[in-house]
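1. below is the structure, and that's it, no one-letter string:
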DNA sequence: CCCGGCTTATTGAGAGTTCAACAAGTACAC
DNA sequence: GTGTACTTGTTGAACTCTCAATAAGCCGGG
């Protein structure tokens, strides 16, 4: 328990570059979206997920699952998106607990308006900086990391009686 | 202006894996730190930077630069860290505007207590998932991305007269 | 010296996230 | 059926982050 496998000098170097690069990149993307389209990156991704769903509609918990977000976060986010008129809530006929979130036409338009600037930023700040081989490597690396990431911060009730 | 260079199918795939992997990873690290050590990841990194500085002390703006954080954010964070007793503010004798942040013994102890769990998480969730070649590739990729990331969200007053 | 222009750091309000608690509905054993 | 256990989604409070505004000190030209 006490024999921690510390990082080597080299590993720490890479780890720090990685964190700096990724935070720099995501910060920049988030900033661009907020500045040019007035929406947080998280909300942009919610709109994307809805836009790709049949009828542009998803159950709240499916949406949370897709976005790796907690139900609570999603609930707050959708409340705000509803205020701006980009999303509408509908009730589920078969399960009265359930809620659907549906992308409105205004929401779709906002997404369509935001996309070009966002994609341009992604291309310039990420893909343009890497060689084609590095892009493929990044894909492999990402898949490998994903395999180790525990199921998202979903409700994931604490089953164990621990503590 | 209107000819956006959209992502190819393959690129979008990689982009999404990348985002999912990275968000999953950072979420998990943040969660582990908050749960086991009661501190946000951002604060952990502030403590790390201070612990490595001469006299465990840094000017506020140097610290902000190191951490790629805005002055404002750092100011709020240090205020809170001061409340918990992990950091102490000192005034700068040569520049009366300036402030030093100094890691207290309690802060150092908290950091020392948090480090093993954090490192273990980094090793298990990142390094253990990758081959040695992939680790090196990740280092190169990170450096390449870093080269394109604009200077951090520092104050960076808008020099241009635009808008 | 002194004034305008930077730089340093803080502050407050607004927005997003987390966590725990909760209401409401479903499911399944009995 | 009825009750217990689980699910779905929401809410409020506490916390972090962002942005714009502000106070205060430095600095260089005239």
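-> Nice, thanks for sending it over. Not measured: the values here are computed from a predicted model.

2. name the SS class of the closest residue to residue A:116 other than its chain neighbours, please.
-> Nearest residue to residue A:116, sequence neighbours excluded (C-beta to C-beta, 6 or more residues apart in numbering or on different chains): residue B:4, at 4.2 Å. Bear in mind the C-beta positions are built from the backbone N, C-alpha and C, glycine included. Using DSSP: H, G, I helix; E, B strand; the rest coil, the three-state assignment for residue B:4 comes out as coil.

3. just residue A:90 next, same as before
-> strand.

4. report the buried residues of the longest helix along chain A.
-> Using DSSP state H, we find that the single longest helix of chain A is helix A:9-37. Buried positions in helix A:9-37, judged by neighbour count with 16 or more other C-beta atoms under 10 Å in any protein chain shown: A:11, A:14-15, A:17-30, A:32-33, A:37.

5. got the residues of chain A near DNA strand D?
-> Applying C-beta under 7 Å from any atom of the strand, we find that chain A lies next to DNA strand D at A:27, A:31, A:34-35, A:59-61, A:64, A:71-72, A:74-76, A:78-79, A:89, A:92, A:95, A:97-99, A:155, A:157.

6. now, of these, which are buried?
-> A:27, A:60, A:64, A:74, A:78, A:99.

7. quick one: the helices in chain A?
-> Under DSSP H, chain A gives helices at A:9-37, A:41-52, A:60-67, A:71-83, A:105-125, A:132-148.

8. any idea how far the fifth one is from the middle of the chain?
-> Computed by C-alpha atoms, centre = their mean, to the nearest Å, the chain-centroid distance of helix A:105-125 equals 15 Å.

9. when you scan that helix, is anything in it near DNA strand C?
-> No. Contact of helix A:105-125 with DNA strand C (C-beta under 7 Å from any atom of the strand) is absent, the minimum separation being 13.1 Å.

10. in that helix, what counts as buried?
-> By neighbour count on 16+ other C-beta under 10 Å, the buried set for helix A:105-125 is A:107, A:110, A:111, A:114, A:115, A:116, A:118, A:119, A:121, A:122, A:123, A:125.

11. how close does the first one sit to DNA strand D?
-> According to C-beta to the nearest atom of the strand, to the nearest Å, residue A:107 and DNA strand D sit 16 Å apart.

12. so what's the residue nearest the centre of chain A up against?
-> Residue closest to the average C-alpha location in chain A (C-alpha atoms, centre = their mean): residue A:67, at 4.9 Å. By C-beta atoms under 8 Å, 6 or more residues apart in numbering or on different chains, residue A:67 lies in contact with A:42, A:45, A:46, A:49, A:74.

13. quick one: low-confidence ranges for chain A?
-> The model of chain A has pLDDT under 70 over residues A:1, A:151-163.
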